[in-house]
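K.L.:
got a predicted structure plus its sequence, pasted below:
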Amino acid sequence: MMVGCGQPSPNTKKGAVVGAASGAVISGVTGGNVLKGAAVGTVVGGTVGYISDQ
């Protein structure tokens, strides 16, 4: 995934934030674990943002 010690790009940060929020909301609505949903959303969103920067 992210390699090196550079700062995350704006798209990576934005994707992680949006993913965390979306994951938490979806988990809350469906009765799942909100923290787990937010964590998964952060990884997915950050990865999508990182890929879009490449």
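P.N.:
Sure thing, it's come through.
K.L.:
what's the nearest residue to Gly46 if we skip its chain neighbours?
P.N.:
Nearest non-adjacent residue to Gly46, counting by Cβ to Cβ, 6 or more residues apart in numbering: Ala16, 3.7 Å away. The C-beta positions use only the backbone N, C-alpha and C, and glycine is treated the same way.
K.L.:
separation between the one you found and Gly31?
P.N.:
Distance from Ala16 to Gly31, counting by Cβ to Cβ, to the nearest Å: 24 Å.
K.L.:
so which of those two has more stuff around it?
P.N.:
The residue with more neighbours, out of Ala16 and Gly31, is Ala16; 21 against 7, by other Cβ atoms under 10 Å.
K.L.:
host element of the more buried one?
P.N.:
Using DSSP states H and E, Ala16 sits within helix 10-30.
K.L.:
who are the packing partners of that helix?
P.N.:
Judged by 3 or more Cβ pairs under 8 Å, 6 or more residues apart in numbering; DSSP states H and E, helix 10-30 is in contact with helix 34-53.
K.L.:
what about the helix it packs on, average pLDDT?
P.N.:
For helix 34-53, mean pLDDT rounds to 89.
K.L.:
buried residues in it?
P.N.:
The neighbour-count check on helix 34-53 (16 or more other Cβ atoms under 10 Å) flags 37-42, 44-50 as buried.
K.L.:
before we move on, what about stretch 23-31?
P.N.:
Under 16+ other Cβ under 10 Å, the buried positions of stretch 23-31 are 23-24, 27.
K.L.:
need the residues that contact it.
P.N.:
32-42, 44-45 (Cβ atoms under 8 Å, 6 or more residues apart in numbering).
K.L.:
sorry, back to before: tell me which of the buried residues of helix 34-53 is nearest to Asn11?
P.N.:
Within those, proximity to Asn11 (Cβ to Cβ) peaks at Gly49, which comes in at 3.9 Å.
K.L.:
from Val25, how far off is the closest residue to the closest one other than its chain neighbours?
P.N.:
Nearest residue to Gly49 in three dimensions, chain neighbours excluded: Gly15, at 2.6 Å (Cβ to Cβ, 6+ apart). Separation of Gly15 from Val25 (Cβ to Cβ): 16 Å.
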